[in-house]
Structures are given as C-alpha cells and as structure tokens.
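S.K.: Kindly generate the corresponding structure for this input.
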Amino acid sequence: MIKYILVLLWIFIDSFCIYSQNKWESINLPAASRINNVATSKDHKLYISMPYSGIQVSEDFGMTWKYINGGLESAVSKDALLVSDGFDRLFLANGSELYVLNKGITDWEKLNYSYEKITNIVVDSFGVIFCFTSSNLYYTIDQGMTFTNFIKPSPTILRFPKSICRINSRYYLLAFGNTNYNLYELDLNGIASDSQLTVPVNFQNIIPTSEGKIILTTTDNLYNNFLYDPSNNKLDTLVAGHIGQNSIRGKITSDLHGNLINYGMPHYLSEDGGANWTQIPGRKNIGGHILTLPVAFYKRQMLFFYTHRIGADLIYYYSDPLDTICDLRSNLKNLSTPFILHHEKGQLVVGTEPYPSFFTSDFRITHNGGLDWLKLDYTFDSSAIKSLHKNQRGDLYAFTNKGIYKSNDFFKSHIKLKEVVTRFMFIGKNNEFYFLDSDPYGLLEYDENLEISVYVPVVPCGFDGVLHNMLFHPNGWNYVLWSQSCYATQKERYGTYGSPYSKYWMKHPFKMNSYGDIYYLDEALFKLSPELEVIDSVGEFHQDAILCGFDKQDNIYLFDPVKGLFKCINNDCIAFDMNGLPFPHIKIHQITSDSTGSLFASTINGGLYKYVMTNAADQSFNLRHVIEIVPNPSLDLIHIDFRGELNDKSELKFFNSFGILTKMETLHNHQQTITIYDLEPGMYVIHLEGQMVAKFMKL
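M.R.: Below is the predicted model of the structure:
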C-alpha cells in the first residue's frame, strides 16, 4: 500500500460554506504579563510586547513563550509599538528608537532613525516605511539606512500627520491643515497638490480599498465613518448594505487580504470595500479594546485580538470560514477515507479508496458542491455497493458481491451487466473492463457491455505481488502496477504483458495524465518516457512525499511533508497556495479537478475540500507554452519570488510563489523582450519592450 504523508490543503471560500466553526478561545500568556501590542508574522509566530519586560514570541500559538530582547538598547516602554509589514519583517518603535526583526534572525537590528518619538508606523505595498511622530512624518526607501522628512514645504502647512496610504501613483495623507484635519493628496516625493478634502470629524485612520477608494475611520461610536472616492472627489457616509442603511460607526481596520472589519457593537465584516457588511458571529460584548492594526493572521486564519482593560488577558476571535476554509464534508459522517469517484460542475460522488482491502458500502452524493449530501444506500439483489467506478463517458458502475450494475443517473435506475465477479476491476480508456482471473497472474478483458472476454497473461512481479492498478497510455500501451510498484507493459492490444520493470520496486506508484506524461516521485519528480526511461527530473523532495493527482490542465500536484504542496508545470515545481491551515495535520491522498477547473482534495482522516480560484477565467492558461522570468545574472540580483507564463491568448501573467495571479499584461506576440532591472531600492522593475509593466519587492 501507498504510504500517505501528513499534509494540508487550504481552500478558498465558496458560497455554500457555513459559519459553524467560529469560536472564542483564550491564549496562554506568560505569568504576570501585561500586554501593549500583539503582532503575527508570515512564518506563523505570535509576538507580544510587554512594558519594561520586553518582547516575547510563541511559535506554538501560546503554548510556550520565550524572550527575544537581543539587540534592544533600552527597556520596552509602556507605549511601544509592534507592527508587522505583512511580509517577513516585524518593527518595534520604542520611543524614539526603531528596530526591525527580519525572518530567521533572533536579534533585533536598530535602524538609523534619529528623530522624535514614533507614534505610528505604516509600511505601504511597495515596502516604503513611514514613521509618524506628533508633528512630522519620516520615511525610508532603503530599508532603514536613511530617514528623511516626507512632507515637503508647500503653501499649506501640514501638521500632526495621523495616517497615510498609497493609491496608484499618489499618496493620501490625513493631517491637520490650517484650521482642522483634512485629507491631502501628495505625489511620490511628498509634495502636496492643491487638492484637499475637508473632513467633518477628527478621524484617526485612513484605509485604502481594493477598488481604489479610501475609508476614513474614527474610534468614536458617536460618529460616522466615511468613504472617499479620489476619482471624483466624492465623500459618502459609510453604510452597511446588508443591515439596512445603518451607518457603520466606530473603529475600522483592514486585514492582509483587503477585507474590512468594523469594531462596534456588534462587529461587521466587509469583503467588497465597504459596500456590504456582514455581522461577525461569535462573542461580541467582551470587555476591552482592540490591540492590533491591521488584524493579525495566524497561519492564514483571521484573528481579532482583544485584551481586558487591565491588559492581563488576551482573547482572540477565530474565523473558520470567514476567510478561506471550505470543508465540504460537513454532512459526511463516518466516511473515514473519502475518494472522489465522480466530479462534474458541483456534483460529487465520494466513497472509500477503491482498493480491494478498502471495500465499503458507504457512498455519498452531492449535487450542490457539498452543501447537502445524500447517502447512496441502494442495494442490488440484496447486496450493498462495495465499490464504484466511472468510465470515460461518466457512467457509474456499482461492484457488489453478486454482480456489476450500470447507471447514468446516480442509480435512480440501473441495469445489471454481469453476475458475481470475484476480483477487482479497472476501466480502460475505451471503456473496456479488466478483471483479475482466478489465475492471479492474468487479466480478463471485456468490452463495455461485459459480453466478450479475452485472457491476457501478465508476467508476475515478485512472489507476493498483487495487481494494484492500471494505466492506459494514449499511444495504446497499457501498464499494470503491482503492489511493490513495479510495472509491466502491454504494447499491443490483447498482447502479453512484458517483463516487469523491477528497477521501480519502490514505495510510490506512477501517475499518468491524459497527454500520456508519466511521473514518478522519489528524491525528485521524474518524468518518464512510454518505455519508462527517465526524460527529466525536477526538485528535491522528502522521501515521504506523494503524488496526488492532476488538475484540468493536466498539471500534477504533490505533497511534501516538509515543504508543503506543489504544482508541477513542465520542468518546474512551484509552491501552490496552501492559504494557511496549520501544517501538517491531515493526510491528503487525492487531488482532482472538475470541468469548471475547481480543485477537490480528499484526506485519509475523512476531510473533503474544494479550492475555488477567485477568477478561474483569468487564471486559466495553456501550460504547454511556458516561459520563466528570471533575474539577469549581470545585475547580481539575489531572488525574485514570482514567475511569468504565456498562454494562447498572448498574455503575460505574473504569479507569486503560491500560484496566485498578481499581474497580467497583453502581448502582441510571444517574442517580445522582457527585462528585469534593479533600479529602485528594495524593488525589482519589470519592463516589456522597454515599458515598465510591474514592480516587485525584493525578498
């Protein structure tokens, strides 16, 4: 049997997910602790700052804590700020001192900031660090080597800056003007334009939305929040579409995905830039106040942090599927090892892994993508279903102790095809059937109506080999797999299978896509010829990694217990979006895709998950035409965390390391020049035919 590994799959939320797992939990804190700030990092660590005692970190979400005060030159003050940049850095503003903790480093590094006390820190999407004081705003574009005053002299005197955000090529600053607080427009050099927006309330913060608008927020529940559109200079009261025309009051912050959270009584969540709001279920009237801006994420789960006013208790709200989790198995009880047997536009039929030793009579069907499941408890001649199989046309076959039954309507009706069959069956690419004969070293091949049988001898593979699986190549070759994972091939229809490939007596089986690409996984991913000779290899993987299946474009997916989930495209394996569940806690053993491109995964311990791309049409591409964008060696670039791909529509698409589309450009042909420059501090600039098309932060 295949040895399955511990893996995790993260799934994007779909419309049928239900809010059933939300809960409040208390986090274990160090003894006698009093908390100033809470922050989380991309590498799943939780940080707290405590007056005078310092900074502590937990890598197991509060089970154990340890101090990380190395590099700090003075005690942590009671109003110190702890801020994550949303990537891999953590900033500590301790009075007039500014420190950074980089990924993989245990000591703080002091930055060259030498101005007055810092009251706020903002890191924009381009990595520019802004430090607010009571009267000035300083920034650095060289990772803290030098700081300069961002606000340049202008006819309007800007004082007491509070918050800043960037939309396209303009900055918007909330600051006190000549008479009251206004929202000012500045260019990238900090020069204010004549455009300003007089706001009716002394707001505390501004938040950019994904639609290019700005939310102006207040912490006072007596006042409204407002939505500003820079394109038409329009200011509107922020209202909650899902709860009537009630205005959204009180504090608002944003998470790392651009969602908005309103901390009022009760709390609300907006996933569309503030147009509509949904009440957040769970405990609401807890005493205390919110600590973090933005809302922290722990392993991609949404966390709302609170403390009581005495600061001695830390409580968080855990959102299970408000962000990205979508467990399709809410009504699949007692089905320990789901195996997806049929998948088409939200219709799934699942049962147990279809191996002889895993026979079961428990099969389920859903017609609405997992919201409701019906049990396939039909019996045939008083015999329950033991296994289900599907042919190329989508017909389902039920295998029982007394015969084989065919149905094309999920067994609302059926016909009986054959009497008792004692051994396991396979269905070929021409809808033919293969059964083990009473001779354990031979196959019986039948046509699709199970009327004609041909005996096909198979050379045995070892003394205790059991025929385990079959593969059917588009060139007409067939492969049989023995339990020891060695193969024999049949090059002519009805011909004898040749001697087994004993060199593949290893723990993993081959997998083949519809193109006939054959893959084998060992210390690397090997691509094999039809003769099972190595054509190419890619990557280095753990010995317990496993091949899990293919998507609609015939890309293969594998899980590595150390590195995570990978999607392999031609000669490259890129990390796929795991999107945050604690790694690893469940055993994925199958990944498949339906006709819409949605990915499904099933797990050994009973999980069944769906991954839905935000825009499947934009993210579909022909993976047979791939180019990789790599840094120019002459520029001495260290690393760039994205890849580009060309599809048949002549589009250049940029993907991050999780496989998520981040940028797309239309090309006139596939021969255009793509160049990467290291022109700006901390940034890569990508040019297409001499024109800039994208910027990426250095990692």
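S.K.: can I assume Leu158 is in contact with Tyr184?
M.R.: Yes - between Leu158 and Tyr184 there is a contact under CB atoms under 8 Å: 6.3 Å. No exception for glycine: its C-beta is placed from N, CA and C like everyone else's.
S.K.: so how far is Cys131 from Cys152?
M.R.: Quick fix: residue 152 reads Lys, not Cys. For Lys152, the distance to Cys131 equals 16 Å [CB to CB, to the nearest Å].
S.K.: again, but for Met470
M.R.: Applying CB to CB, the value for Met470 to Cys131 is 65 Å.
S.K.: measure Leu528 to Leu444 for me?
M.R.: 28 Å.
S.K.: actually Ile591, sorry about that
M.R.: Distance of Ile591 to Leu444, computed by CB to CB: 31 Å.
S.K.: before we move on, what about Tyr99?
M.R.: For Tyr99 relative to Leu444 (CB to CB), the value is 73 Å.
S.K.: Neighbour count: those two, which is higher?
M.R.: Comparing Tyr99 with Leu444 by neighbour count (other CB atoms under 10 Å), the higher total belongs to Tyr99, at 22 against 18.
S.K.: For that one, give me its contacts.
M.R.: 71-72, 91-92, 108-111 (CB atoms under 8 Å, 6 or more residues apart in numbering).
S.K.: quick one: which of those residues is most hemmed in?
M.R.: Leu92 (28 neighbours).
S.K.: my guess is that residue is in a strand, correct?
M.R.: Yes - applying DSSP: H, G, I helix; E, B strand; the rest coil, one finds Leu92 inside a strand.
S.K.: Stretch 518-526: which residues count as buried?
M.R.: Across stretch 518-526, burial judged by 16 or more other CB atoms under 10 Å covers 518-521, 525-526.
S.K.: returning to that earlier point: when Met470 and Cys131 are compared, which one has more neighbours?
M.R.: In terms of neighbours (other CB under 10 Å), Cys131 is the more surrounded of Met470 and Cys131; the figures are 27 against 17.
S.K.: Show me what the one helix or strand that one maps to packs onto, helices and strands only.
M.R.: If you go by DSSP states H and E, Cys131 is part of strand 129-132. Counting contacts by 3 or more CB pairs under 8 Å, 6 or more residues apart in numbering; DSSP states H and E, strand 129-132 packs against strand 120-123, strand 137-140, strand 159-167.
S.K.: Look up which residues are beta-bridged to Asp229.
M.R.: When bridges are taken as DSSP bridges, the partners of Asp229 come out as Lys234.
S.K.: List the residues that contact it.
M.R.: Under the criterion of CB under 8 Å, 6+ apart, the contact list for Asp229 reads 212-213, 235-236.
S.K.: Top of those by number of neighbours, please.
M.R.: In those, the most neighbours by other CB under 10 Å go to Lys213, 19 neighbours.
S.K.: With secondary structure and pLDDT added, can I get the contacts of Tyr99 in a markdown table?
M.R.: Output for the contacts of Tyr99, formatted as a markdown table (DSSP: H, G, I helix; E, B strand; the rest coil; pLDDT from 0 to 100):
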| residue | secondary structure | pLDDT |
| --- | --- | --- |
| Gly71 | coil | 86 |
| Leu72 | coil | 87 |
| Phe91 | strand | 90 |
| Leu92 | strand | 91 |
| Trp108 | coil | 90 |
| Glu109 | strand | 90 |
| Lys110 | strand | 91 |
| Leu111 | coil | 90 |
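S.K.: closest to Asn276 among these?
M.R.: Phe91 (33.1 Å; CB to CB).
S.K.: Without its sequence neighbours, what residue ends up closest to that closest one?
M.R.: Distance criterion CB to CB, 6 or more residues apart in numbering; nearest residue to Phe91, sequence neighbours excluded, is Val83 at 4.7 Å.
S.K.: OK, contacts around that neighbour?
M.R.: Val83 makes contacts with 37, 39, 90-93, 121, 123, 293, as judged by CB under 8 Å, 6+ apart.
S.K.: Find the residue closest to Ser84 in space, skipping its chain neighbours.
M.R.: Ala39 (4.7 Å).
S.K.: Just the CA coordinates for the helix or strand hosting the one you found, please, in PDB.
M.R.: Here Ala39, judged by DSSP H and E, is contained in strand 37-40. C-alpha atoms of strand 37-40 as PDB (Å, rounded to 0.1, in the frame of the first residue of the first chain):
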ATOM      1  CA  ASN A  37       0.800  45.100  21.400                       C
ATOM      2  CA  VAL A  38       0.200  41.900  19.600                       C
ATOM      3  CA  ALA A  39       1.500  41.000  16.100                       C
ATOM      4  CA  THR A  40       1.800  38.000  13.900                       C
END
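S.K.: packing partners for it?
M.R.: Counting contacts by 3+ CB pairs under 8 Å, 6+ apart, strand 37-40 packs against strand 46-50, strand 81-84, strand 296-298.
S.K.: what pLDDT, on average, does the last one get?
M.R.: Mean per-residue pLDDT for strand 296-298: 35.
S.K.: Indicate each strand paired with the strand holding Cys131 and its parallel or antiparallel sense.
M.R.: strand 120-123 (antiparallel), strand 137-140 (antiparallel).
S.K.: For those, give me CSV that also has mean pLDDT.
M.R.: CSV is the format used below for these (pLDDT from 0 to 100):
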stretch, mean pLDDT
strand 120-123, 86
strand 137-140, 90
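S.K.: List the ones among the buried residues of stretch 518-526 that fall in strands.
M.R.: 518-521, 525-526 (DSSP state E).
S.K.: Next, format the helices and strands packed on strand 37-40 as JSON lines and append distance to Lys511.
M.R.: Formatted as JSON lines, the helices and strands packed on strand 37-40 follow (distance: least, CB to CB, whole Å):
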{"stretch": "strand 46-50", "distance to Lys511": "39"}
{"stretch": "strand 81-84", "distance to Lys511": "40"}
{"stretch": "strand 296-298", "distance to Lys511": "34"}
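S.K.: which stretch in those strands has the least confidence?
M.R.: Note on those: strand 296-298 shows the lowest mean pLDDT, a mean of 35.
S.K.: ok, so of the buried residues of stretch 518-526, who is nearest Leu227?
M.R.: Leu525 (48.8 Å).
S.K.: The closest one: what's it in contact with?
M.R.: Leu525 makes contact with 519, 537-539, 541, 556, 558, 568, 573, according to CB under 8 Å, 6+ apart.
S.K.: Apply 10 Å and report the result again.
M.R.: Residues in contact with Leu525 (CB atoms under 10 Å, 6 or more residues apart in numbering) are 519, 536-541, 545, 547, 556, 558, 566, 568, 571-573.
S.K.: which sections of the stretch 201-350 of the chain are below the confidence cut-off?
M.R.: By pLDDT under 70, the low-scoring segments of the stretch 201-350 of the chain are 201-203, 210, 218-224, 239-259, 261-268, 271, 273, 279-350.
S.K.: Wait, Leu532 touches Tyr479, no?
M.R.: Yes - applying CB atoms under 10 Å, one finds Leu532 in contact with Tyr479, separated by 8.2 Å.
S.K.: burial count for Arg166?
M.R.: Arg166, neighbours per other CB under 10 Å, totals 17.
S.K.: what pLDDT does the nearest residue to it once chain neighbours are set aside get?
M.R.: Nearest residue to Arg166, sequence neighbours excluded (CB to CB, 6+ apart): Asp124, at 4.8 Å. The score at Asp124 is 79. That number is its pLDDT.
S.K.: residue contacts, Asp124?
M.R.: Asp124 neighbours (CB under 10 Å, 6+ apart): 85, 130, 139, 164-166, 171, 208.
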